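K.L.:
Next comes the sequence, and after it the predicted model I'd like to discuss.
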Amino acid sequence: MKRSRTLRNRLLSPLVYLAALILLFEDWLWDLGLRPVRLVAAWPPLNALERRVAALPPYGALCVFVLPAVLLLPVKILALLAITSGHPFSGVAVTILAKIGGATLVARLYILTRPKLVTLAWFAHWHGKFMDWKNVWVGRLKASAAFRRVSMVSAMLRASARRALARLRPHGIGERHASRPVRMLRRLIAIWRARHR
């Protein structure tokens, strides 16, 4: 009994590490995608579009929420065709860009459409079940030693990347010592922000 449990743990261990990496990657993609979208959402035409999406009726919101998956499916198929026809770099690059772009768009649309979607009884039922299931499995995964190890390595890598970037940045360079294009860009940004407050 103990031997079969040890064997099972050894066989499942790589899958747990893989699941931990995927979960961390998905969290990173979600955060990475929402930051620039929040900045771009301040742009008046996009802001107006988001208000229109938020005002849609429930089934209209569902159509908009499902739209990125439908639109990205042909892109992913073309990326697979590129890989199989001898263009692996292009195919993988398109797949990664589609994944990041799709995750960004779905994250924003989820935030905008969720209040209307949960008014649909069937959606609220299955959404609740899915979130409960996800929370149970994510909780189990986060409690595992594999996830703690992967999280620790990920945190160490992020910290070393921040230190490396901090070393690359010039310290003590103020407005007077910045190049002329940088000063002009800063002024334009300040003027734009002042007008849009």
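P.N.:
Done, it's in.
K.L.:
can you pull out the helices in the protein?
P.N.:
2-40, 44-54, 58-84, 88-117, 121-143, 145-168, 180-195 (DSSP state H).
K.L.:
contacting residues around residue 78?
P.N.:
residue 94 (CB atoms under 8 Å, 6 or more residues apart in numbering). In this view, the C-beta of every residue, glycine as well, is placed from N, C-alpha and C.
K.L.:
how close does it sit to residue 104?
P.N.:
For residue 78, the distance to residue 104 (CB to CB, to the nearest Å) stands at 20 Å.
K.L.:
Now mean pLDDT too, for the helices of the chain, in CSV please.
P.N.:
Output for the helices of the chain, formatted as CSV (pLDDT from 0 to 100):
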stretch, mean pLDDT
helix 2-40, 66
helix 44-54, 84
helix 58-84, 87
helix 88-117, 84
helix 121-143, 85
helix 145-168, 77
helix 180-195, 71
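K.L.:
Go through these and pick out the most buried.
P.N.:
With neighbours defined as mean count of other CB atoms under 10 Å, these peak in mean count at helix 88-117, which reaches a mean of 16.
K.L.:
Next, the angle helix 44-54 makes with that helix.
P.N.:
In terms of direction (axes from the mean of the first three to the mean of the last three CA atoms, to 10 degrees), helix 88-117 departs from helix 44-54 by 60 degrees.
K.L.:
what packs against helix 88-117?
P.N.:
Judged by 3 or more CB pairs under 8 Å, 6 or more residues apart in numbering; DSSP states H and E, helix 88-117 is in contact with helix 2-40, helix 44-54, helix 58-84, helix 121-143.
K.L.:
Centre of the chain to that helix, how far?
P.N.:
Between the centre of helix 88-117 and the centre of its host chain there is 7 Å, according to CA atoms, centre = their mean, to the nearest Å.
K.L.:
Just the angle for that helix relative to helix 121-143, thanks.
P.N.:
Using the same axes, to 10 degrees: helix 88-117 against helix 121-143 is 120 degrees.
K.L.:
Helix 58-84 and helix 88-117, what's the angle between them?
P.N.:
Using the same axes, to 10 degrees: helix 88-117 against helix 58-84 is 170 degrees.
K.L.:
quick thing: my sequence starts at 15, can you match it?
P.N.:
Sure thing, new numbering starts at 15, so read that last one as helix 102-131.
K.L.:
Skipping adjacent residues, who's closest to residue 129 in space?
P.N.:
Counting by CB to CB, 6 or more residues apart in numbering, the nearest residue to residue 129 once its immediate chain neighbours are dropped is residue 68, at 7.7 Å.
K.L.:
doesn't residue 126 make contact with the one you found?
P.N.:
Yes - contact status for residue 68 versus residue 126: in contact at 5.0 Å, counting by CB atoms under 8 Å.
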